[in-house]
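*Asks:* please work out how this folds:
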Amino acid sequence: MSSKPGIAFIGTGVMGRSMAAHLMAAGHTLHVHNRTREKARPLLDNGARWHDSAGEAAAEAEVVVTMLGFPQDVEQSYLARGGIVERARPGALLIDMTTSSPVLARRISAAASARGLDALDAPVSGGDVGAREARLVIMVGGDAAAFERARPVLSLLGKNLALQGPAGSGQHCKMANQIACAVGMVAWCEALAYAKRAGLDPARVHGSISGGAAGSWAMTNLGPRALEGDFAPGFYVKHIRKDIGIAIASAEEMGLDLPGLDCARRLYDRVAANGWEEFGTQVLYRLYTSL
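*Replies:* Numbers count the residues shown, from 1 in each chain. I've put the predicted structure just below:
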């Protein structure tokens with residue numbers, strides 16, 4: 001693979017758009033596809049090449065990166081007729097960075113291997129800020145040689161890269177991450193709701209507790225947004241609900257009970273019932289203030 005391989009980037013949403021821009025800035029020729037072309041407009045204006053399908057983009061590149069919304073989007077993009085696996089160049093490297101199903105990751109890996117392709121599942125953590133600042137945490141499943149082959153590309157998107165194991169292992173690691181995130185969101189929302197009900201200034205309380213033992217990335221970064229009524233999505237409610245569902249299904253398959261995650265699921269179901277699925281996950285705090 002040349003030092004600057006052409007890259008097909010599929011999915012230019014909140015995070016994908018920033019990730020793709022980093023690859024372009026590093027000198028890679030970018031071939032893009034997105035369900036809504038207008039969301040790729042900034043990339044196209046800077047020289048990216050548009051393609052009408054994921055398969056068409058894949059056919060033009062040595063590396064394919066996908067950053068999609070839901071497992072069904074991943075399955076369609078990779079495994080449908082005329083999709084990425086069918087149309088990718090011989091020997092291409094396929095990197096799915098969507099948070100998706102470990103089972104689906106293994107299916108894609110097997111289908112890719114049958115065609116002489118390398119496939120990695122490489123979901124990320126860090127949200128919109130991590131994507132913009134190229135400091136995502138990237139959790140990878142797949143072959144060690146493919147991981148080393150992907151390292152120069154992944155290093156443009158984040159600095160914390162780790163191969164967790166064979167195909168599907170990146171997704172399992174991301175599920176562990178999402179379990180901690182989802183349950184942790186409940187923790188800081190309840191802490192700040194308690195402070196407010198006690199007559200304290202929740203912003204002042206946040207300043208006192210966020211840097212100590214109770215602190216977390218989410219409390220530090222999302223707590224202030226929630227207190228200011230800023231519920232713009234860095235990570236959508238609809239996506240955390242998807243991830244919770246995948247994690248619960250995977251845990252059930254392994255015979256593991258996760259009562260904390262089940263509590264988070266029920267709360268985010270209430271958030272969705274209020275019509276807030278297109279907001280950021282910090283809108284959970286709004287649920288407590290409306291009680």
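
*Asks:* gap between the nearest residue to residue 134 once chain neighbours are set aside and residue 132?
*Replies:* Once flanking residues are discounted, residue 134 sits nearest to residue 22: 5.1 Å by Cβ to Cβ, 6 or more residues apart in numbering. No exception for glycine: its C-beta is placed from N, CA and C like everyone else's. Remark: distance between residue 22 and residue 132 (Cβ to Cβ, to the nearest Å) = 9 Å.

*Asks:* likewise residue 140?
*Replies:* Note on residue 140: its distance to residue 132, by Cβ to Cβ, is 21 Å.

*Asks:* neighbour count: the two, which is higher?
*Replies:* Neighbour count, other Cβ atoms under 10 Å: between residue 140 and residue 132, residue 140 has more, with 27 against 18.

*Asks:* tell me which element the closest residue to residue 20 other than its chain neighbours is part of?
*Replies:* Leaving aside its sequence neighbours, residue 20 sits nearest to residue 9 (Cβ to Cβ, 6+ apart; 4.3 Å). In this structure, residue 9 sits in strand 7-10 according to DSSP states H and E.

*Asks:* can you pull the buried residues of the biggest helix by length in the chain?
*Replies:* Secondary structure of the chain read by DSSP state H shows that its longest helix is helix 169-197. Residues of helix 169-197 classed as buried under the neighbour-count rule (16 or more other Cβ atoms under 10 Å) are 169-175, 177-186, 188-189, 191-193, 195-196.

*Asks:* what mean pLDDT would you report for it?
*Replies:* Averaging pLDDT along helix 169-197 yields 97.

*Asks:* please apply the same query to stretch 91-103.
*Replies:* Mean pLDDT, stretch 91-103: 97.

*Asks:* end-to-end on that stretch?
*Replies:* Terminal residues of stretch 91-103 lie 23 Å apart, using Cα to Cα, to the nearest Å.

*Asks:* please compute how far it lies from its chain's middle.
*Replies:* Using Cα atoms, centre = their mean, to the nearest Å, the mean C-alpha position of stretch 91-103 is found 11 Å from that of the whole chain.

*Asks:* show me which parts of that stretch are buried, residue by residue.
*Replies:* Here stretch 91-103 shows 92-102 as buried, counting by 16+ other Cβ under 10 Å.

*Asks:* okay, the residues you listed in JSON lines with distance to residue 45 and secondary structure next?
*Replies:* Converted to JSON lines, the buried residues of stretch 91-103 look like this (distance: Cβ to Cβ, whole Å; DSSP: H, G, I helix; E, B strand; the rest coil):
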{"residue": "92", "distance to residue 45": "27", "secondary structure": "coil"}
{"residue": "93", "distance to residue 45": "27", "secondary structure": "strand"}
{"residue": "94", "distance to residue 45": "27", "secondary structure": "strand"}
{"residue": "95", "distance to residue 45": "25", "secondary structure": "strand"}
{"residue": "96", "distance to residue 45": "26", "secondary structure": "strand"}
{"residue": "97", "distance to residue 45": "23", "secondary structure": "coil"}
{"residue": "98", "distance to residue 45": "25", "secondary structure": "coil"}
{"residue": "99", "distance to residue 45": "29", "secondary structure": "coil"}
{"residue": "100", "distance to residue 45": "30", "secondary structure": "coil"}
{"residue": "101", "distance to residue 45": "35", "secondary structure": "coil"}
{"residue": "102", "distance to residue 45": "37", "secondary structure": "helix"}
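
*Asks:* which of the residues you listed sits closest to residue 51?
*Replies:* Taking Cβ to Cβ as the measure, residue 51 sits nearest to residue 92 out of those, at 14.7 Å.

*Asks:* give me the neighbour count for the closest residue to the closest one other than its chain neighbours.
*Replies:* Leaving aside its sequence neighbours, residue 92 sits nearest to residue 117 (Cβ to Cβ, 6+ apart; 5.3 Å). Look at residue 117: counted by other Cβ under 10 Å, it has 22 neighbours.
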